[in-house]
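J.: Coordinates only, no sequence provided:
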C-alpha cells in the first residue's frame, strides 16, 4: 500500500485529500503511478494530465517522473506552490 | 569668509573642529584651498597630503578637487566614512 | 535554526531577539516580512486562505536554510510562515538571517525567500469579487529562484 | 520617508509599523539592522563611538533613498542611525524598505545600506586592548557600492 495525498486545486477537483492504494505490480515509478490515476478518467484524467502544471513529492521530497515508488511510500500531488 | 569643518581623525590630529577663514583671492576651488591649508605645514601638511585618504564636502555635498569654493561656503574635510 | 508553521501572527522584533540571543559575533541581521495585499493580478482581494503540506513544508524550508548555510556565512536563521485565513495587511511570512557581515545576511535572506516561493508546499486561495480562486504560480518567481543558480 | 540620527536605541518593529501604517498596497518589507560586534579586523572590541557630520548626514541619506526610489518601486523607506558611544550587541543602523513586491524591497534595502556605508558621513572609533583607534574604510565596502553601478 502507498498513501497518496492531494492538495489545493487537486484536492478540490478530485474531491479527496488522501487515499490508500495497493501499488499495482508493474508500478515502480511516479510516472507509472500517475498513469494508473489518469486511467480512472474524468477529473483524474483532466487534473493529472501532462499538460496541467502538476507537481509531486515522494516521502516529502520533490519528485520527478522517474522517481521510484514502493510500498509504504507517502506520495503527494499538488499544483505549483504559491506561498511566501 | 568660509567655514571649514574637520571630522574624526582630522579633527583630532589638527586639534580643531572648525575655523572661519578669509578666502584668499586666488582660491576658487577645493584643490587651491587644500593647498593653502597644507601650506601651514606640520599636522596640516601631513593630514591633508594627497597621499592620505581625505574626503571633502562643499555645502554638505561630496566634493572633488575642481569643486568651486566661494565666500559663505561650508567646507568639510574628513577621512573616508565608516558608518553603518 | 527556527522553522515554524502557524496560524497565529508573529512578532519580527521578538523573533530577531530570540535569534540574536546577545551573540556578539552577529554584525548584520537581514529580514523580510511578506504581507497580504488588497490587490493581485489586477483584481481586488478581500482575503485569502493558505493551505500547506504538514511535514513536507517544514522539511523543505529546513533544506532551503541548509542550502543557504552552505553558500554564505550564516550564524542563524529563522523562518515563520502562517497558514489558514488571512486578510489584507496581515503578515504571511518572515525570514530572518543573522551573519557577521551584511553581504551574507542579505544574500541568504533573499535566497531563502526566493526558494521558499518555488519549493515550499504552500498554496494560496484568494477571495475576489468573482469568488474564490487558487493563485497561479508566477513565472517571475521561477526566474527569481533560477538566478541563484548562475551566481557565486 | 524617515531619516533619523539619534543616540537612543531604536525598535525595528515600531519603525516597520509606522512605515506600513496599514497600507494594503505593501506586500514586502525588507529590513536590515547593523549591530556592534565584539571583534573587528581580528582584534577584540570593547566598544565604539560614532561621530557624524550633522546636516550633511541626513542630507546624504535622503539623497541615497531618493536614488533607490528612482531605481526600484519603493512605497516607503526608513533609515535610523545611532551616534555616540555604543557597546557590542548594540544596534547601530536600521534600514527598512516597503514595496509591493519583494525584489524591489530587497534590492533597495541593500542598495541603501551599501551606499550609506560609503557615502554617509559617519566615522567609527573603536576601543581595543591597545587603546582607541579610528576604523579604516574597507575596500570591500567600495566594491559593494560599486557593483550597483553595473546592475540594472
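T.: Perfect, I can see it now. Treat the numbers as computed from the prediction; the structure is a model and nothing was measured. Numbering: from 1, shown residues only, chains lettered A, B, ... in the order given.
J.: So is the helix or strand residue C:60 falls within next to chain D?
T.: Per DSSP states H and E: residue C:60 is located in helix C:56-71. No - if you take CB under 8 Å from any CB of the partner chain as the test, helix C:56-71 misses chain D, and the best it gets is 14.1 Å. Where you see a C-beta, it was placed from the backbone N, CA and C, and this is true even at glycine.
J.: what element comes up after that helix heading to the C-terminus?
T.: Next along from helix C:56-71, by DSSP H and E: strand C:76-82.
J.: And the contacts of that following strand?
T.: Contact with strand C:76-82 is made by A:83-84, C:1-10, C:15, C:18-19, C:23, C:26, C:50, C:52, C:57, C:61, C:64-65, C:68-69, C:90-98, C:108, C:112, C:116, C:120, C:122, as judged by CB atoms under 8 Å, 6 or more residues apart in numbering or on different chains.
J.: right, and residue A:59 touches residue A:74 too?
T.: Yes - contact criterion CB atoms under 8 Å: residue A:59 and residue A:74 qualify, at 5.5 Å.
J.: So for the closest residue to chain B within chain A, what's the pLDDT?
T.: Nearest residue of chain A to chain B, counting by CB to the nearest CB: residue A:84, 28.3 Å away. Residue A:84 carries a pLDDT score of 95 in this model.
J.: pretty sure it is in a strand, no?
T.: No - assigned with DSSP: H, G, I helix; E, B strand; the rest coil, residue A:84 falls outside any strand and is coil.
J.: contacting residues for it?
T.: With CB under 8 Å, 6+ apart, residue A:84 has these contacts: C:34, C:81, C:92-93, C:113, C:116-117, C:120, C:122, D:102.
J.: Nearest to residue A:28, out of these: which one, please.
T.: Within the contacts of residue A:84, the smallest distance to residue A:28 is 28.3 Å, found for residue C:120 (CB to CB).
J.: and the residue nearest to that closest one when sequence neighbours are not counted, how many neighbours does it have?
T.: Distances taken as CB to CB, 6 or more residues apart in numbering or on different chains put residue C:60 closest to residue C:120, at 4.8 Å, once the chain neighbours are dropped. Close neighbours of residue C:60, defined as other CB atoms under 10 Å in any protein chain shown, add up to 23.
J.: ok, now residue C:109?
T.: Neighbours of residue C:109 (other CB under 10 Å): 31.
J.: Secondary structure element for it, which one?
T.: helix C:102-119.
J.: ok, so of the contacts of residue A:84, who is nearest residue C:144?
T.: Here the nearest of the contacts of residue A:84 to residue C:144, counting by CB to CB, is residue C:117; it sits at 6.9 Å.
J.: Next to chain C, which bits of chain A? Give me the list.
T.: By CB under 8 Å from any CB, the residues of chain A that approach chain C are A:5, A:7-9, A:53, A:57, A:60-62, A:76, A:78-84.
J.: Buried members of those residues into PyMOL, please.
T.: Here is the PyMOL command that selects the buried residues among these (16 or more other CB atoms under 10 Å in any protein chain shown):
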select buried, chain A and resi 5+7+8+9+57+60+62+76+78+79+80+81+82+83+84
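J.: Take the residues of chain A next to chain C and keep only those in helices.
T.: Using DSSP state H, A:8-9 are the members of those that sit in helices.
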